[in-house]
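J.: coords please:
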Amino acid sequence: MASDGTALIGLWFDGQKYFADLLDTEYEEKTLPIFEQADKWLDIYFSGKAPDFTPPLHMKTTEFRVAVWEIILTIPFGQTMTYGQIADKIAKQKGISRMSAQAVGGAVGHNSISLIIPCHRVVGTNGSLTGYAGGIEKKVKLLELEGTDMDSFFVPKKGTALYFPIQHYIQKEHPQKS
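T.: Numbers count the residues shown, from 1 in each chain. Take a look at the predicted model:
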């Protein structure tokens, strides 16, 4: 976790893509009230419940990414939204006819406040569980934790147009769930 002293500016998984990319090389490790709030949020979340509050957040990034992340914050616990749906919302906000889902994907992938800004709830229009900087396996586990209906999702095979259904992934990786 990282903070500017009053708000959360970063929350990453160990080894996550872009891990701590916005932190200065010099920083101080200490306990802050914001970290206690974030810990409480995480405890509630990992107990399988939707937290009823959001700790103060400071999104240190571009205006476009902030707009995307604010939309992601509206995705309810246990539900998903597609990159295309977010692109449509951004286009509407900007008063333009369309927005690139790929541009949205770039903004989603650079989310520096994982879990609280729930980018794991963003999926491909075709049900692809792609584009999670924390790793696809974590995305699957987080969606399962939230009780998301996983039947229409799949994990893409890298470098091919082939895929396998999420049920295959769950049965292979988690045989007790079959």
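
J.: could you list every residue that touches the most centrally placed residue in the chain?
T.: Residue closest to the average C-alpha location in the chain (C-alpha atoms, centre = their mean): Cys119, at 1.8 Å. When contacts are counted by C-beta atoms under 8 Å, 6 or more residues apart in numbering, Cys119 touches Trp69, Ile72, Val108, Gly109, Asn111, Tyr132, Ala133. Just so you know, the C-beta spots here come from the backbone N, C-alpha and C atoms, and that holds for glycine as well.

J.: Between all of the residues you listed, which two are separated the most?
T.: The distance between the two most remote of the contacts of Cys119 (C-beta to C-beta) is 14.7 Å, for Trp69 and Tyr132.

J.: still on that earlier bit, please check the contacts of Cys119 and keep the buried ones.
T.: By neighbour count, with 16 or more other C-beta atoms under 10 Å, those hold Trp69, Ile72, Val108, Gly109, Asn111, Tyr132, Ala133 as buried.

J.: Surely the fifth one is within a strand?
T.: No - assignment of Asn111 by DSSP: H, G, I helix; E, B strand; the rest coil gives coil, placing it outside any strand.

J.: From Leu57, how far off is it?
T.: Using C-beta to C-beta, to the nearest Å, Asn111 is found at 11 Å from Leu57.

J.: Identify the single longest helix in this structure, thanks.
T.: Counting by DSSP state H, the longest helix found in the chain is helix 33-46.

J.: out of the contacts of Cys119, which one sits closest to Thr82?
T.: For these, the nearest to Thr82 is Val108 (10.8 Å; C-beta to C-beta).

J.: How are the strands of the chain distributed by residue range?
T.: Using DSSP state E, the strands found in the chain span residues 2-3, 8-10, 81-82, 122-123, 154-156, 163-165.

J.: Now do the fifth one: distance to the chain's middle.
T.: Mean C-alpha position of strand 154-156 versus that of the full chain (C-alpha atoms, centre = their mean, to the nearest Å) differs by 17 Å.

J.: Where do the helices of this protein begin and end?
T.: Using DSSP H, helices in the chain cover 33-46, 63-72, 83-94, 101-109, 136-145, 166-173.

J.: could those go into a markdown table alongside mean pLDDT?
T.: Shown next, in a markdown table, are the helices of the chain (pLDDT from 0 to 100):
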| stretch | mean pLDDT |
| --- | --- |
| helix 33-46 | 97 |
| helix 63-72 | 97 |
| helix 83-94 | 96 |
| helix 101-109 | 92 |
| helix 136-145 | 94 |
| helix 166-173 | 46 |
